[in-house]
Every structure is written in structure tokens, then in C-alpha cells.
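**Q** quick one, structure for this:
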Amino acid sequence: MFKTLKNIWRVEDLRKRILFTLLVLIIYRIGSFVPVPGVDKTVLEQTNQQGSELFGLLNTFSGGALHQFSIFALGIVPYITSSIIVQLLSMDVIPKLAEWAKQGEHGKKKSAQLTRYGTIVLGLIQAFAMSIGFNRLYSAEMIPNATFVDYLLIAIVLTAGTAFLMWLGEQITEKGIGNGISILIFSGIIANIPTYIRSSAQSNFIQEGQVFMNTLKTLIVLIVIVAIIVGVIYIQQAIRKIPVQYAKRVVGNKMYGGQNTHIPMKINAAGVIPVIFAVSLLQFPTIIAGFWSTHEWAKWIQTNLRYDYPLGMVLYVLMIIGFTFFYTFVQMNPNQMADNMKKNGGYIPGIRPGKATEKYLTRVMSRLTMTGAIFLAVISLVPIGFGTLAGLPSSVKIGGTSLLIVIGVALDTMKTIESQLIKRHYKGFINK
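**A** Numbers count the residues shown, from 1 in each chain. Reported below is the predicted structural model:
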């Protein structure tokens, strides 16, 4: 392990990528504490103390920037929402977007550009609503004598912050260690770990004078965390190898093909993306309802769409399963895989090329994806149920989902670094 870390710093390109990523993360953390102009800091501090239940994991995604109402308060949630919309519309809903999806790298660039435009539009709408909502959330006005121009200025600043974060994520993907947006979410969650520890110490979970019980509770929590980590790593690394054989072809005086290989299909090919999507969509109506908390419909939404309530829990699970299937089949299209195999003279032993191969791959992917989706849902719900029984505060219950995201992003980052090391004939982090 230490030898591998030493090898990383010996590779100049990889060392530059890691240092660049760290520099970007430092900029991100500094920006999380820069408040938007025209905000009364005294009222903002009161909002921070009263609003912890309302914002939940969205505040975690932004690294605490939402509570600070900083220039990065929106985080990358508009980007996630825009990505969901574009990908949904690419599923033969809009022919032009479906055509882009089949154009390879060129089509991806066009879709990415459309996602950026969608991020700006959604960010401006959400920022404008958030600026009004925050100001009306409590009796004291956070923006004194606010006018339409004030709201518009704050909305533009928040949207610019989201656009800047989107750009930072793309820079990490291109010039850093990859997975830029996921890395930003990862850093935001890590930054909130001291908050989780402090809120646990201040809750009924830790009681004065009960050293033995406090120690026992802490050990149980640590055991559950370790079990979640082991489970996530086990599922994330698990794959099923589909054997593929290529027929021999004679071209001139040379013979091509004839080798045996396999298609590695992961149980959870979607990673943590379904959890991020599900959390973003489930939290959004709760936040909007919080701005009209005196209305009955808003109270109903805030009560029933929480993670620890039956309706919210069912919706959370259904969205995780749905997004897992959606994202997996977008990333790995059985039809395209079957066509590519047929064009290159490949076939799965015992399965006819073409339509039969497509049906076989679809059936295998569906079974694997269902297993991975159920596992993601269970891992996301276990900390919530356990936290309720143990008396942990709301932020720590949600921290279970954060743990899932952190592990997934960490594994992906390790694989990226490992691939860079393998290119230079170094032994990587993960032993095959």
C-alpha cells in the first residue's frame, strides 16, 4: 500500500492530476463560506440553528454551503436535475437527442452542452425561488427591505456559483483524477463528518454519566458502519463474466480472431448515481414546501415525504430501483452490444448472434441490476432505521446514505488511479 502511494508521486502526470484536484477542492471549500451579497448575517445564524431538519442531505451535498447561504448554496443539484432530464429525453422521447446518443463521443459533447444550458435555466429558477423562500422562512428578514432587484441579484449570484461548480467538476474530470461532479459531492460529505460527530454528542445518543452505555452504543454504530462498508465494496466489485468467442477470419495471408474473451457485467453498474438522483428528487418538494410551512399541503409534504416515514421510504426505494435500471441500460445498451458483437464476428457460446444475443444480455442485465438495486435500497434504508432505533439525530441518519456515496466514489477514484498506474507498469490498489 505504501509502496503504491510512493509510486503515485513518482509519476509526474498523476502527481499533477492529484495536486490539481486538491487545489480545486480547496477553492470549492473556500467558496462554501462566502455569503451572497445583501444578507443579514445575524438572521443567517438563526436560520442555521433552526433549519437543520429542513435541508438534510442537500446541505450535505453542498458541503454546508446551503446553511451558510453562500455563493455555492445551490450546489450541483441543478446539474443533476438537468442530467436526469436530458437522459430521460434521450430514451427515444425526442428523436434528435436519441440520435445524439448514438453518435458516440460527438453526440455526448452535444448532450453535455445541452445539460449545461439546462443547468443554468434550472439554477436560475431554483435560485430565485430559494432567495424568496429563505427570506420568508422565518419572522426576521434575512434580506432587509428586499426588492425584486435584490432577489434577482441573489439569484444570479447563486446561479453563477452553480455554473462555476459545474465548470470545476469538468476541470477535475479533464485535468484531475476524473469523476469531477462525484468528487465535489464526496468532498462536501467528508467536510460534514465533524458536524455528524458533534450532533451525535449533543443528542440523546450520548448521555452524561453512562460511560458503559455510551461506549456500547458507539461500538455498535461502528460495527454497523464497517458492515455497510464491507457490503458496499463486495457488491461494487462483484461482476459476472459473460463468455464471448470470436470466429476466425482469414484476410490475405493472415488469420484474425479466434480468441476467447468475456463481457464483465457488474451487479451494480450504475454505482451511486441512482442514490444521488433519488435523494435530489425526494428532497426537492420538501424544501419547496418548507417555504410555505403554514399551509396544510406543505405540512403534509414535509411530514410524509421524509425518509423515516412509510410513504417517503417507499418512494425513496422505488426511485433508487428505477434510476438503477435506467442508468444501467443507458450505459450498457444490450442492442448495441449485440450488434457490435455480430459485426466483429463474436458470439456467446450456445446463443445465436443478433436478436437472441440481445434478449440473453437483457435478461442477464435485468437480473444483475435488480440485485444491485435492491442492495442499494437496503443499504440506504438500514442506517435510517438503525438511527431511529438508536436515537441518532436526523443528520446522522441521512449520513448513512452519505456513507454509501463516499464509498462508491472512493472505489471509482481508486480504479481510476489504478488504471493510470497500470499504464506505467505499476501494481495498483486493487489486486485482481
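
**Q** for the stretch 51-200 of the chain, what are the low-confidence residue spans?
**A** Counting by pLDDT under 70, the ranges of the stretch 51-200 of the chain that qualify are 51-65, 92-93, 136-142, 196, 199-200.

**Q** how about the helices in it?
**A** Using DSSP state H, counting those that start in this stretch, the helices found in the stretch 51-200 of the chain span residues 52-61, 65-68, 77-89, 95-101, 105-137, 148-175, 180-191, 193-202.

**Q** could you list the domains of this protein?
**A** The chain breaks down by automatic domain parsing into domains covering 1-191, 197-432.

**Q** quick check: which ranges of the stretch 301-432 of the chain have low pLDDT?
**A** Residues of the stretch 301-432 of the chain that meet the cut-off, pLDDT under 70, sit at 308, 386-401, 423-432.

**Q** all strands for it, in order.
**A** Using DSSP state E, counting those that start in this stretch, the strands of the stretch 301-432 of the chain run over residues 346-347.

**Q** how about the helices in it?
**A** Applying DSSP H, counting those that start in this stretch to the stretch 301-432 of the chain gives helices spanning 310-331, 334-343, 355-390, 394-423.

**Q** for those helices, which one sits closest to Asp150?
**A** helix 394-423 (30.9 Å; C-beta to C-beta). Heads up, the C-betas are built off the backbone N, CA and C, glycines and all.

**Q** which helices and strands sit right next to that closest one?
**A** Judged by 3 or more C-beta pairs under 8 Å, 6 or more residues apart in numbering; DSSP states H and E, the packing partners of helix 394-423 are helix 2-10, helix 12-31, helix 52-61, helix 180-191, helix 193-202, helix 211-237, helix 273-290, helix 355-390.

**Q** list the buried residues in the last one.
**A** Buried residues in helix 355-390, counting neighbours by 16 or more other C-beta atoms under 10 Å, are found at 357-358, 360-362, 364-365, 368-369, 372-373, 375-377, 379-384, 386-387, 390.

**Q** what packs against it?
**A** The contact analysis (3+ C-beta pairs under 8 Å, 6+ apart) places helix 355-390 against helix 211-237, strand 239-246, strand 260-266, helix 273-290, helix 310-331, helix 334-343, helix 394-423.

**Q** coming back round to it: can you say which of the helices and strands packed on helix 394-423 is nearest to Ala73?
**A** Taking these one by one with C-beta to C-beta, helix 52-61 is closest: 9.0 Å.

**Q** distance check, Gln126 against Ser82.
**A** Look at Gln126 and Ser82: by C-beta to C-beta, to the nearest Å, they are 11 Å apart.

**Q** wait, I meant Lys175
**A** From Lys175 to Ser82 the distance is 23 Å (C-beta to C-beta).

**Q** how near is Leu184 to Ile71?
**A** 14 Å.

**Q** what about these two, which has more around it?
**A** Applying other C-beta atoms under 10 Å to Leu184 and Ile71 shows that Leu184 carries more neighbours, namely 26 against 23.

**Q** show me what contacts the spatially closest residue to that one that is not a sequence neighbour?
**A** Of all residues not flanking Leu184 in the chain, Gly169 sits nearest, at 5.4 Å (C-beta to C-beta, 6 or more residues apart in numbering). Gly169 makes contacts with 76, 79, 180-181, 183-184, as judged by C-beta atoms under 8 Å, 6 or more residues apart in numbering.

**Q** before we move on, back to that, need the helices of the stretch 301-432 of the chain in TSV (columns: distance to Leu153).
**A** Listed next are the helices of the stretch 301-432 of the chain as TSV, based on distance: least, C-beta to C-beta, whole Å:
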stretch	distance to Leu153
helix 310-331	35
helix 334-343	47
helix 355-390	38
helix 394-423	31
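
**Q** between those, which gets nearest to Ile273?
**A** Using C-beta to C-beta, the helices of the stretch 301-432 of the chain put helix 310-331 closest to Ile273, at 5.2 Å.

**Q** which other helices and strands does that closest one contact?
**A** By 3+ C-beta pairs under 8 Å, 6+ apart, helix 310-331 packs against helix 77-89, helix 273-290, helix 355-390.

**Q** Ile172 contacts Leu22, correct?
**A** No. Counting by C-beta atoms under 8 Å, Ile172 does not reach Leu22; the two are 10.2 Å apart.

**Q** more neighbours: which of the two?
**A** Neighbours per residue (other C-beta under 10 Å) separate Ile172 from Leu22, with Ile172 holding more: 23 against 13.

**Q** how close does that one get to Trp9?
**A** Distance from Ile172 to Trp9, by C-beta to C-beta: 19 Å.

**Q** among Lys175 and Ser82, which residue is more densely surrounded?
**A** Ser82 (22 against 14).

**Q** got the contact list for that one?
**A** Contacts of Ser82 (C-beta under 8 Å, 6+ apart): 115-116, 118-119, 121-122.

**Q** among these, which ones are buried?
**A** Members of these classed as buried by 16+ other C-beta under 10 Å are 115-116, 118-119, 122.

**Q** nearest to Ile18, of the contacts of Gly169?
**A** Closest approach to Ile18 among those (C-beta to C-beta): Ile183, at 11.3 Å.

**Q** let me know whether that closest one touches Gly408 as I believe.
**A** No. With contact defined as C-beta under 8 Å, Ile183 does not count as touching Gly408 (11.8 Å).

**Q** hmm, back to that, Throw the helices and strands packed on helix 355-390 into TSV and include mean neighbour count, thanks.
**A** Below are those laid out as TSV (neighbours: other C-beta atoms under 10 Å):
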stretch	mean neighbour count
helix 211-237	14
strand 239-246	15
strand 260-266	14
helix 273-290	21
helix 310-331	18
helix 334-343	16
helix 394-423	20
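
**Q** of those, which is nearest Val39?
**A** Closest among the helices and strands packed on helix 355-390, using C-beta to C-beta: helix 273-290, at 18.2 Å.

**Q** which helices and strands does that closest one pack with?
**A** Other helices and strands packing on helix 273-290, by 3+ C-beta pairs under 8 Å, 6+ apart, are helix 52-61, helix 77-89, helix 105-137, helix 296-304, helix 310-331, helix 355-390, helix 394-423.
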